[in-house]
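Colleague: coordinates only, sequence not included:
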């Protein structure tokens, strides 16, 4: 019973993790717009207010430079200590701020992304700084040379019309020379991941149900074997006027105890393994791997009351399953 419930608990845990992955994928922000450190808050607020009016956007969350640094520092301290040590050397605890955009549906990702990118391009035009050689280049504002003459073929140039990318610089641009506002869209493998995790969840539920059926069969066979060996005693009890409940109750309780102690012991074994992994050996490679791949899932906040309730719930399920199996078993002999 312990081994059967242990395997069932493992498959149940895998199904639960798959369900958390689906929830995480569906609930996380589908688009993120990053702003370089030092960006004018008015620019961020104006874009945020403009995008909040777009149909299909459910929510826009602002993450400040300090919050971004704290979030990344907390993550790397558990997963990549080397990067965390580098972050600790920063004089200013700041990283690029962002607007995290959550969509109502993934069906219109491309249209909304195109609209947002268009607004970003328009805003970038206002941040362009043109640094041209005054002797060899045309003024970026009026198309004249430094001495005031008009260059033949010169157009009414604006920063957006300067063709030499090396001559364009942006305000708030950092050492990477990338635009200070950029859009990241997480839609490449989103549908594939959702499909994989959905099938994994269905497979986990199916395997869990099958294992519970096996547990019920084990208890059924065990109780039936005892009933077969005691069928003469059962017949005597019936002849002397024993009620059906009086005769059946001990066997039902016995089957319930099989399930109760099997589920309880398997839960304790599994809990000890998890405690050893995440508490005793919390700096091990396995623990870091688990944090890296599953640390950002929406795990429930564990406390003593919740853990005790989980153990009792598992034991209760075991008792119920064992009692029901015993009841159907004894009906063949005690009528």
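Modeller: Looks like it came in fine. Since this is a predicted model, take the numbers as computed values, not measurements.
Colleague: going forward, measure contacts and count neighbours with C-alpha atoms only.
Modeller: Noted.
Colleague: Helices of this structure, residue ranges please.
Modeller: 2-27, 41-51, 65-79, 81-87, 109-126, 190-229, 231-239, 244-275, 285-294, 304-330 (DSSP state H).
Colleague: So what's the residue count around residue 115?
Modeller: For residue 115, the neighbour count with other Cα atoms under 10 Å is 12.
Colleague: Quick one: residues contacting it.
Modeller: Listed by Cα atoms under 8 Å, 6 or more residues apart in numbering, residue 115 has no contact partners.
Colleague: Which pLDDT value goes with it?
Modeller: pLDDT for residue 115: 92.
Colleague: returning to what we had before: which one of the helices of the chain lies closest to residue 177?
Modeller: Closest approach to residue 177 among the helices of the chain is made by helix 109-126 (13.3 Å; Cα to Cα).
Colleague: buried stuff in that closest one?
Modeller: 109, 112-113, 116-117, 120, 124 (16 or more other Cα atoms under 10 Å).
Colleague: Just the pLDDT for residue 197.
Modeller: 68.
Colleague: Tell me which two in the buried residues of helix 109-126 are the farthest apart.
Modeller: 109 and 124 (22.0 Å).
Colleague: ok, back up a step: and which of the buried residues of helix 109-126 is nearest to residue 199?
Modeller: residue 109 (23.7 Å).
Colleague: Give me the pLDDT value at the closest one.
Modeller: Predicted confidence (pLDDT) for residue 109: 76.
Colleague: Also the one 10 residues further on?
Modeller: Residue-level confidence at residue 119 comes out at 93, pLDDT.
Colleague: Over to residue 34?
Modeller: 92.
Colleague: doesn't residue 95 make contact with it?
Modeller: No: the pair residue 34 / residue 95 is not scored as a contact, 9.8 Å apart, by Cα atoms under 8 Å.
Colleague: Looking at these two, which is more packed in?
Modeller: residue 95 (23 against 20).
Colleague: on that earlier part again, let me have the buried residues of helix 109-126 in CSV, adding distance to residue 175 as columns.
Modeller: Supplementary listing: those in CSV, determined by distance: Cα to Cα, whole Å:
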residue, distance to residue 175
109, 31
112, 30
113, 27
116, 25
117, 23
120, 20
124, 17
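Colleague: now, among the residues you listed, which is nearest to residue 247?
Modeller: residue 109 (65.6 Å).
Colleague: Number of residues surrounding residue 72?
Modeller: 14.
Colleague: Now residue 316. Nearest residue, chain neighbours left out?
Modeller: Excluding the flanking residues, the one nearest residue 316 by Cα to Cα, 6 or more residues apart in numbering is residue 260, at 6.4 Å.
Colleague: Distance check, that neighbour against residue 296.
Modeller: 34 Å (Cα to Cα, to the nearest Å).
Colleague: follow-up on the earlier one: adding distance to residue 102, write the helices of the chain out as TSV.
Modeller: Rendered in TSV, the data for these read as follows (distance: least, Cα to Cα, whole Å):
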stretch	distance to residue 102
helix 2-27	8
helix 41-51	11
helix 65-79	18
helix 81-87	28
helix 109-126	10
helix 190-229	14
helix 231-239	66
helix 244-275	34
helix 285-294	21
helix 304-330	31
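Colleague: Relative to residue 168, which of these is closest?
Modeller: The nearest among the helices of the chain, by Cα to Cα, is helix 109-126 at 10.3 Å.
Colleague: Determine how far the closest one lies from the middle of the whole chain.
Modeller: Distance of helix 109-126 from its chain centroid, counting by Cα atoms, centre = their mean, to the nearest Å, is 28 Å.
Colleague: Check stretch 270-282 too.
Modeller: 21 Å.
Colleague: rewinding a little: quick check: which of the helices of the chain is nearest to residue 59?
Modeller: helix 41-51 (9.7 Å).
Colleague: got a list of what residue 127 touches?
Modeller: Neighbours of residue 127 in contact, by Cα under 8 Å, 6+ apart: 170-171.
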